[in-house]
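Peer 1: heads up, no residue letters with this:
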């Protein structure tokens with residue numbers, strides 16, 4: 001009996017996938033992604049803060065790579081450490097924002113649709129694997145709100161993973177361990193993935209604010 005149930009469930013997976021994709025396309029056509037003035041103001045405020053912090057990190061890392069090319073290894077190591085400290089401060093604030101977005105998504109009855117992460121957009125293999133997982137589960141999750149929270153969860157896990165990779169590579173370079181070239185390459189890959197994750201987070205924030213606006217929940221926008 002158990003095997004029969006499992007077999008039936010497996011046979012139903014393709015049907016759920018097809019129905020999920022069809023429903024998602026229909027829902028996306030029905031939404032007009034417009035923000036209220038308050039929502040737009042909040043979005044711009046958060047976007048400005050997040051973008052500024054990422055720009056500071058990128059400037060520091062760009063300088064570290066440039067100095068390294070000129071042969072100033074110790075100065076490059078120092079700049080890597082400064083860049084990591086910027087990310088170390090940035091990462092928890094991003095995770096708090098994602099957690100808040102997930103919580104507020106439970107306060108709306110209808111969530112605008114989101115697209116899953118694209119594995120091709122990521123350079124670090126482990127983060128790309130999480131994006132594959134997001135794509136796989138996306139069409140089997142029933143509601144747009146669940147898909148939204150799934151994506152937010154995957155983005156959060158990816159941010160944490162990227163931060164740990166940055167720390168490990170920065171430490172290995174600072175300690176002068178072998179294969180430092182590989183560590184520098186990984187730092188570059190992680191930087192690119194951080195930028196992608198930031199963009200996906202901001203796009204998801206816009207989706208949430210749009211959903212709140214559609215239900216007239218300006219009170220929740222003010223609480224964010």
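Peer 2: All right, it came through fine. Quick caveat: nothing in here was measured; it's all calculated off a predicted structure.

Peer 1: Show me which parts of the stretch of helix or strand residue 157 belongs to are buried, residue by residue.
Peer 2: Following DSSP states H and E, one finds residue 157 within helix 144-174. If you call a residue buried by 16 or more other Cβ atoms under 10 Å, then helix 144-174 has these buried ones: 144-145, 147-159, 161-163, 165-166, 169-170, 172-174. In short, each C-beta sits where N, CA and C put it, glycine included.

Peer 1: which residues of the protein fall in strands?
Peer 2: Along the chain, counting by DSSP state E, no stretch forms strands.

Peer 1: Below-threshold pLDDT in it: ranges please.
Peer 2: Residues of the chain meeting the criterion pLDDT under 70: 1-35, 215-224.

Peer 1: how far away is residue 118 from residue 195?
Peer 2: Per Cβ to Cβ, to the nearest Å, residue 118 is found 14 Å from residue 195.

Peer 1: do the same with residue 48
Peer 2: Taken as Cβ to Cβ, the span from residue 48 to residue 195 is 16 Å.

Peer 1: the more surrounded of those two?
Peer 2: With neighbours defined as other Cβ atoms under 10 Å, residue 48 and residue 195 compare such that residue 195 has more, 14 against 10.

Peer 1: Skip the chain neighbours and tell me the closest residue to that one.
Peer 2: Once flanking residues are discounted, residue 195 sits nearest to residue 54: 6.6 Å by Cβ to Cβ, 6 or more residues apart in numbering.
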